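*Asks:* how does the following fold in three dimensions:
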Amino acid sequence: MRVIDKALEGVIGVTALHLCFGYAAVVSDKPGEYDFLTELAGCSVQQISIEAAQPKLDLSVLREFTDKTIILGVLDLGDTAVETPGKIAETVRDALRYIPSDRLQLAPDCGMKYLPRETAFGMLKAMTSAAAMVRDSLGLN
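*Replies:* Numbers count the residues shown, from 1 in each chain. Model prediction:
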């Protein structure tokens with residue numbers, strides 16, 4: 001991905017690339033895999049933000065990112081039902097099969113601005129509870 005490397009030439013600090021395939025409230029049909037995703041493993045960006053929940057991304061692709069921090073979308077914003085911390089924790093544990101915990105950060109998929117405030121808050125609360133559950137199970141707290 002020469003264009004990314006060129007854009008980051010001379011940049012000081014942590015660099016991140018966010019991949020967005022449309023807000024869930026607007027785009028409901030997302031692919032279950034992104035053909036170009038593994039190509040990003042070789043670029044100079046340090047962190048890659050990936051929507052994974054709504055498209056039900058096959059998380060085995062994360063094994064390709066041996067030196068990148070992954071900011072993983074774990075909240076499906078295409079559904080206004082607040083997911084349980086347990087369900088979100090399952091996704092996190094699946095991701096940890098392919099990437100170590102020190103290189104994994106959790107985030108919602110794109111489009112939280114379209115949700116009612118109460119729903120968005122409930123989802124974020126569930127995500128943080130899931131993170132605590134996984135940290136506890138790994139002995140990281």
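*Asks:* list the buried ones in the lengthiest strand in the chain?
*Replies:* Assignment by DSSP state E gives strand 69-75 as the longest strand of the chain. Buried residues in strand 69-75, counted by 16 or more other Cβ atoms under 10 Å: Thr69, Ile70, Ile71, Leu72, Gly73, Val74, Leu75. All C-beta spots, glycine's among them, are computed from the backbone N, C-alpha and C.
*Asks:* Thr15 is in contact with Ile48, correct?
*Replies:* No. In this structure Ile48 lies outside contact range of Thr15 using Cβ atoms under 8 Å: 9.9 Å.
*Asks:* the two - which one has more neighbours?
*Replies:* Neighbour totals were compared for Ile48 and Thr15, and Ile48 leads with 21 against 15 (other Cβ atoms under 10 Å).
*Asks:* now the buried residues of strand 69-75 in a markdown table, with pLDDT and distance to Cys43?
*Replies:* Listed next are those as a markdown table, based on pLDDT from 0 to 100; distance: Cβ to Cβ, whole Å:
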| residue | pLDDT | distance to Cys43 |
| --- | --- | --- |
| Thr69 | 97 | 13 |
| Ile70 | 96 | 14 |
| Ile71 | 97 | 15 |
| Leu72 | 96 | 18 |
| Gly73 | 94 | 20 |
| Val74 | 96 | 23 |
| Leu75 | 94 | 26 |
